[in-house]
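K.L.:
return a 3D structure for these sequence lines:
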Amino acid sequence: MAEESTHWFDQIVDSQFGAIDADRRLGFFFKRDNIGANSHFFRLIVGGSAMRKLLYFFLGIIILVGIAAGAFLLIPLDSLRGPAEQAMSRELGRGVHITGSLHASLYPVIGVSTSDVSIDNVPGGQAKELLHVGTLAIGAKLMPLLSHELDITELTLESPAIHLEVDAKGNPNWDFNLPKSENASSSATAKLSIAGLKITNGDVTYFDARKGTTKDLSQANVSLSMASLDQAAQFAIDAVYDSNKFSVSGSVDSPNSYLAKAPTQVTLDLKSDLITLHFGGSVTGVSDNSGSFTVSGPSLRQLIIKGAGTAAPVNAGLGAFSVTGAVSTRDQVYAVSGAKISLDGMNATADLSVDTKATVPALKANMSLDHLDLANYMVAKTSTPNAGWSTEPISLTGLKLANADIGIAVGRLTVGTFVISQSQMHLGLSGGVLTADLAHAGLFNGAVTGRVVADASGAVSRYAVKLDMNSVAIKSLLDAAMKVERISGTGALTVDVTGAGASQQAIVNSLGGAASVSAKDGAIQGVDLAAVSRTIQNALSGALGAATSQGASTDFAEAGGTFKIANGVMQNQDFHLLNPFVRVTSNGEIDLGPRTIDFHVAAKLVATGQGQGGAKDATGISVPFDVSGPWTKLSYKPDMKALGSSLVNQVTTGGGLSGLLGGVLGGNSSAKSSSSSNSSDNKPGFSLGGLFGH
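P.N.:
Below is the predicted model of the structure:
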């Protein structure tokens, strides 16, 4: 016992228990009150000197750890605040400040908490701090630390404020330029687990000095649960952005796989008053991803306003929307396939891709719509008809930002009063040249094909329009375009013009090319010119009767003409209308720049019943007049010299002349109107109005 009593541990025990046998001492430590039958067993185990020394060693270690832990808890932790601030400031290259008191715990969770923690912003930044946290607490299990595992039980940030900024040169303030560790390994990061990450009442601002814009995310709450980096992680976020609340939740199948840029299953759900979105698929960084998505919302207009920060066009469209489909990214090609789109009651399907490998992105797409009303998406013009062509510069520089190959099919396309059926269009964009080919479109029982080109590859933008319209119902066309209802028939129109310039006015004044218009097998409602010719004597005396009533009509077999266009002026020499007993010819020009017309028209009653294919210069009574002036206020004047030459030997009184002219031009004359020679209906200028349904 002399040897044992000299041991420091025996001295502690003897001072507490006195001179008692070793078995009872061990029984105390092993919590054995009754050692009876077991006393021999314990002597066999610890009775030897070596085993007793080994036991003393381990017990001593435990006591030393307890003493160290007690000393750690008794140390004033605020004395460590200064060295901690200095160490973190050196590591980040920014000032780190801990204003609040430090608090610590040791077992079963080792943890530290404090308050009022901040990281300085870059010099010259808009905000004073990059980060400020009201309260910070972190806790980790003690035992896993002994196995080089970090098992975080708590990571709480209360009222954090993060101020992200990008300076005028594009440098972000969150780039600390930290050196990359060459010894980091995925095996080390795989031993990280987070049982509870929690952020409450956070605020994030983003300022872009290049644009002078600021975005704010407030009342943010974040939670994260992750057993380890190689197991699934679940996250949830809710916040307020631009006065709109939203929530985001999802999961990452293996954060470690994602960090290693290996295929990782990811789900994401976004919900707000403006938009609902779901994504699920395989994600490999940003280079190789695939999955399916669904997005919908009550108003695309409001989403554009809130999301892009710009006003949407004022029109009737951009209401409820939804899109479903598959999305993928591979080798810098971003694609959406099998997309089903619904917007403002119309339905569409689409496949599109954007290739970003080249100098400018290349877009490929195929779209099919059941119907489209462009009036719902066009901005109403406020300019008056007399305002003339705009001199505002037209910029086509945007055509150089991308190349495109797009096919579009629309079951029913409505443009104002025009209804186009089964249209098929192809849009091509390459090197700043946009080509729109209309392969087929049904218009008013006819067919339309054409091409429009806008070329921005040169110093001055150039334009070309080629249009071919066949077998179109003239009455429907004129009613839709000009509200003219009295002319019917089947017509054709061709236009082939080019122009150049930096404004509407410059383009119109430069137009050159050709155009033609023709109509066959039609009628002019409101006058029967054949009946007039059969009762020519009565017509000259002013008694037209039923020949010029509303129920009368004049069939024509052929009408039309050709135009040569140069410097914005359309010149015509061969406009004609052929009808049994009637020939109408005209010539003149239409100046598109100032929007004026100068035409000479001659209506001739002839003594032949041949219409289509008949002679245009058949002899008869000619009624010539001039049409001139601006489009909005045309004037009509009879050519008295030509008229006198035609009637000098046939007309001795003028009473029938007004009735004849009114009937030929579709006026609303009647037997009653002929009773007054001063009536405005007898004037050529007013009689022309009847032809156009006024």
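K.L.:
quick one: least confident helix or strand in the protein?
P.N.:
helix 684-687 (a mean of 38; mean pLDDT, DSSP states H and E).
K.L.:
do you have the helices of the stretch 151-300 of the chain handy? List them.
P.N.:
Along the stretch 151-300 of the chain, the segments classed as helices by DSSP state H, counting those that start in this stretch run 186-189, 255-259, 300-308.
K.L.:
mean pLDDT lowest where, among these?
P.N.:
Mean pLDDT per stretch puts helix 186-189 lowest among those, at a mean of 44.
K.L.:
what is the burial count for Met143?
P.N.:
Close neighbours of Met143, defined as other Cβ atoms under 10 Å, add up to 11. To be clear about C-beta, it is placed using only N, CA and C from the backbone, and glycine gets the same treatment.
K.L.:
and it, what element?
P.N.:
helix 142-146 (DSSP states H and E).
K.L.:
pLDDT on that helix, on average?
P.N.:
Mean pLDDT, taken over the full extent of helix 142-146, equals 68.
K.L.:
heads up, I number from 6, so please use that
P.N.:
In the new count, where the first residue is 6, that last one comes out as helix 147-151.
K.L.:
pLDDT below threshold where in the stretch 256-405 of the chain?
P.N.:
In the prediction, the stretch 256-405 of the chain carries residues with pLDDT under 70 at positions 291, 312-320, 383-392.
K.L.:
against Gly506, how distant is the residue nearest to Asp460 when sequence neighbours are not counted?
P.N.:
Leaving out its chain neighbours, the residue that sits closest to Asp460 by Cβ to Cβ, 6 or more residues apart in numbering is Arg467, at 4.3 Å. Distance, Arg467 to Gly506, by Cβ to Cβ, to the nearest Å: 9 Å.
K.L.:
do Lys311 as well
P.N.:
With distances defined as Cβ to Cβ, the gap from Lys311 to Gly506 amounts to 38 Å.
K.L.:
likewise for Ala464?
P.N.:
Note on Ala464: its distance to Gly506, by Cβ to Cβ, is 12 Å.
K.L.:
more neighbours: which of the two?
P.N.:
Relative neighbour count places Gly506 above the other of Ala464 and Gly506, with 18 against 6, counting by other Cβ under 10 Å.
K.L.:
and the closest residue to the more buried one other than its chain neighbours, helix, strand or coil?
P.N.:
Computed as Cβ to Cβ, 6+ apart, the closest residue to Gly506 that is not its neighbour in sequence is Ile512, at 4.2 Å. In terms of secondary structure, Ile512 is helix; the call rests on DSSP: H, G, I helix; E, B strand; the rest coil.
K.L.:
same question for Gly416.
P.N.:
Secondary structure, three-state DSSP: Gly416 is strand.
K.L.:
quick check: it touching Ser426?
P.N.:
Yes: counting by Cβ atoms under 8 Å, Gly416 sits close enough to Ser426 to count as a contact (7.2 Å).
K.L.:
what residues does the residue lying closest to Phe240 once chain neighbours are set aside make contact with?
P.N.:
Using Cβ to Cβ, 6+ apart and skipping the chain neighbours, the partner closest in space to Phe240 is Leu229 (4.9 Å). Residues in contact with Leu229 (Cβ atoms under 8 Å, 6 or more residues apart in numbering) are 199, 201-202, 238-240.
K.L.:
thinking Gly518 is in contact with Thr503, fair?
P.N.:
Yes: under the contact definition of Cβ under 8 Å, Gly518 touches Thr503, with a separation of 5.8 Å.
K.L.:
ok so, going back, what's the residue nearest to Gly506 in contact with, if anything?
P.N.:
So, once contact is read as Cβ under 8 Å, 6+ apart, Ile512 ends up touching 399, 468, 504-506.
K.L.:
check Ile425 too.
P.N.:
With Cβ under 8 Å, 6+ apart as the criterion, the residues that contact Ile425 are 415, 417-419, 446-448, 453.
K.L.:
let me know the closest of the residues you listed to His137.
P.N.:
Closest approach between the contacts of Ile425 and His137, by Cβ to Cβ: Val415, at 55.0 Å.
K.L.:
hmm, back to that, ok, now how distant is the residue nearest to Asp460 from Ser515?
P.N.:
When distance is defined by Cβ to Cβ, Arg467 is 9 Å away from Ser515.
K.L.:
mind giving me the domain ranges of this protein?
P.N.:
Using automatic domain parsing, the domain ranges for the chain come out as 7-78, 86-177+194-265, 516-697.
K.L.:
so Glu221 touches Tyr246, yeah?
P.N.:
Actually, residue 221 is Asp. It isn't Glu. Yes: with contact defined as Cβ under 8 Å, Asp221 reaches Tyr246; the gap is 7.5 Å.
K.L.:
quick one: secondary structure of Glu397?
P.N.:
Here Glu397 is coil, with the state taken from three-state DSSP.
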